[in-house]
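> missing the sequence, but the structure's below:
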């Protein structure tokens, strides 16, 4: 069965005291099942909002339009009980920041077993066994000991692996991972990379990887979506996109990396309350022309999609 | 500018501090004016502790610190206070580096106040200049830290650290919480500051690519010891230690 998730004209905004924050702007995207799709962009580009909207976990003050189609159902229209049944079991989440994502007053084992008792209808004994098995699979040595530990007794890398173990505990079709390598050192980052690679190879799991770690996205993803100020500015196969970025923003992001030129992009991302007219990247773009005062459409160029007048 | 000889630090933990942890073990390094020494190591290797020891923010057990030709190993807190203007630190997480109840203007004025400048007008003028230097708009001065982005906050911290015109600055993972694009902007500001005032940097990071791009020399830290220190180019071409080779490899083929 086809497991893709399709976003159609997804628009998300939030009403705040300061005004309406437009976090996602008519996003069209298809994330194929069994593959790793990456969403990259700066802080505040709407990456996490995209992940959270698929999970139906956006805060109360949201205004959402468009649709998120999964197996012929629109996740945005799904009543909460059905969404709840889906969440964790079919579409699982690995949240950002393992330091705060785990419950500090529950042992590791209790938290992991909960996955099985809540969704899998397992009894406590069974849940314990399955939890230990899951810990072992995620290379947490001495799973019996780790089971009775609290999250703060684990190292950063162990916590990250624990979150991945929880996310994939019920063999979901989809895993949405939000910044799994943020703040990790080279060795731990490599472990996370290997973990995701193993996940892809051993199961038919689709992964939506939300990250600003461009090297991770390059190495891991099949398809990459570059998000800027809530719009997709470029999308395509990871290898091609990173080897020859088309959009000036993608080029800028890649050149800002330390192993490339370490050249900063000028300026700051725009405020999502007061977005510039026309191309959202225009104020920071070195290649802007008169045309850019109009909003460009997403065009097909060499098997990729780009939102820039240069390629019209 | 700063030389550190055979510095050692153990921390006691647990009941009656009985469990001793050797955090820094007989480490020596030196940084010259206008140069950057990159200090690299994994989480828990003792690099942040070493940075704090060099500034005497925490006392060391044994070892000698020579700053600007003076042996400061036995300086008292009062003697250190005067030196604080000359040695500063930039922390990893800008969101927790500033007092959340101070406005940015209050945070910026604090170092001046503590070090004896009283005239509000002079302070305000200085702050304006530093804000211009780090590329921030003075509109932000009236805000509080939670109303700024991570990149803006780190610029505020840089402006604050530079405001007393230090000669030695410890950069403790200054960009690990920031985006690549903001990281490049912050590095650019730090480079300009170094060019302008000839500041010596101790750049602590676990990002080899970043250290390579920013440092004149690199020191590798492993389990509290500096196992190897070489000019950047040489280290990449001829790593001496097995651990260094493994580290370089982990980064290239992560």
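Received the coordinates, thanks. This one's a predicted model, so the numbers in the text were calculated from it and none came from an experiment.
> for the rest of this, base every contact and every neighbour count on C-alpha atoms.
Fine.
> please enumerate the helices of the chain.
Here I'm looking at chain A. For chain A, applying DSSP state H gives helices covering A:47-55, A:80-86, A:98-101, A:108-119, A:124-137, A:143-147, A:156-167, A:186-202, A:214-220, A:238-243, A:248-255.
> let's do chain B instead
B:47-54, B:77-83, B:104-114, B:120-134, B:150-162, B:180-197, B:208-214, B:232-237, B:242-252.
> export those helices to JSON lines and tack on mean neighbour count and mean pLDDT?
Compiled in JSON lines, the helices of chain B are given as follows (neighbours: other CA atoms under 10 Å in any protein chain shown; pLDDT from 0 to 100):
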{"stretch": "helix B:47-54", "mean neighbour count": "22", "mean pLDDT": "93"}
{"stretch": "helix B:77-83", "mean neighbour count": "12", "mean pLDDT": "90"}
{"stretch": "helix B:104-114", "mean neighbour count": "19", "mean pLDDT": "94"}
{"stretch": "helix B:120-134", "mean neighbour count": "16", "mean pLDDT": "92"}
{"stretch": "helix B:150-162", "mean neighbour count": "24", "mean pLDDT": "92"}
{"stretch": "helix B:180-197", "mean neighbour count": "20", "mean pLDDT": "91"}
{"stretch": "helix B:208-214", "mean neighbour count": "20", "mean pLDDT": "91"}
{"stretch": "helix B:232-237", "mean neighbour count": "15", "mean pLDDT": "92"}
{"stretch": "helix B:242-252", "mean neighbour count": "15", "mean pLDDT": "84"}
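> need the helices of chain A in JSON lines with mean neighbour count, mean pLDDT and distance to chain B, can you?
Rendered in JSON lines, the data for the helices of chain A read as follows (neighbours: other CA atoms under 10 Å in any protein chain shown; pLDDT from 0 to 100; distance: least, CA to the nearest CA, whole Å):
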{"stretch": "helix A:47-55", "mean neighbour count": "21", "mean pLDDT": "92", "distance to chain B": "13"}
{"stretch": "helix A:80-86", "mean neighbour count": "13", "mean pLDDT": "91", "distance to chain B": "32"}
{"stretch": "helix A:98-101", "mean neighbour count": "16", "mean pLDDT": "83", "distance to chain B": "14"}
{"stretch": "helix A:108-119", "mean neighbour count": "20", "mean pLDDT": "91", "distance to chain B": "22"}
{"stretch": "helix A:124-137", "mean neighbour count": "18", "mean pLDDT": "91", "distance to chain B": "21"}
{"stretch": "helix A:143-147", "mean neighbour count": "18", "mean pLDDT": "89", "distance to chain B": "20"}
{"stretch": "helix A:156-167", "mean neighbour count": "23", "mean pLDDT": "86", "distance to chain B": "9"}
{"stretch": "helix A:186-202", "mean neighbour count": "17", "mean pLDDT": "84", "distance to chain B": "5"}
{"stretch": "helix A:214-220", "mean neighbour count": "19", "mean pLDDT": "92", "distance to chain B": "8"}
{"stretch": "helix A:238-243", "mean neighbour count": "18", "mean pLDDT": "96", "distance to chain B": "15"}
{"stretch": "helix A:248-255", "mean neighbour count": "22", "mean pLDDT": "95", "distance to chain B": "6"}
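> pull the number of nearby residues for the nearest residue to residue A:14 once chain neighbours are set aside.
Leaving out its chain neighbours, the residue that sits closest to residue A:14 by CA to CA, 6 or more residues apart in numbering or on different chains is residue A:62, at 4.5 Å. A count of neighbours around residue A:62, defined by other CA atoms under 10 Å in any protein chain shown, yields 17.
> and residue A:62, what does it touch?
Going by CA atoms under 8 Å, 6 or more residues apart in numbering or on different chains, residue A:62 touches A:12-15.
> in the stretch 1-150 of chain A, which residue sits nearest chain B?
Per CA to the nearest CA, residue A:42 is where the stretch 1-150 of chain A lies closest to chain B, at 6.0 Å.
> residue B:179 is in contact with that residue, correct?
Yes: the criterion here is CA atoms under 8 Å, and residue A:42 meets it with residue B:179 at 6.0 Å.
> about what we covered before: distance to chain A for the helices of chain B - can I get that in CSV?
Below are these laid out as CSV (distance: least, CA to the nearest CA, whole Å):
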stretch, distance to chain A
helix B:47-54, 13
helix B:77-83, 32
helix B:104-114, 19
helix B:120-134, 12
helix B:150-162, 9
helix B:180-197, 5
helix B:208-214, 5
helix B:232-237, 13
helix B:242-252, 6
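> got TSV for those helices, with distance to residue A:125 too?
What follows is these, written out as TSV (distance: least, CA to CA, whole Å):
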stretch	distance to residue A:125
helix B:47-54	44
helix B:77-83	59
helix B:104-114	55
helix B:120-134	59
helix B:150-162	46
helix B:180-197	46
helix B:208-214	46
helix B:232-237	53
helix B:242-252	40
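> ok, back up a step: the residue nearest to residue A:14 and residue A:52, how far apart?
Separation of residue A:62 from residue A:52 (CA to CA, to the nearest Å): 11 Å.
> swap in residue A:185?
From residue A:185 to residue A:52 the distance is 26 Å (CA to CA).
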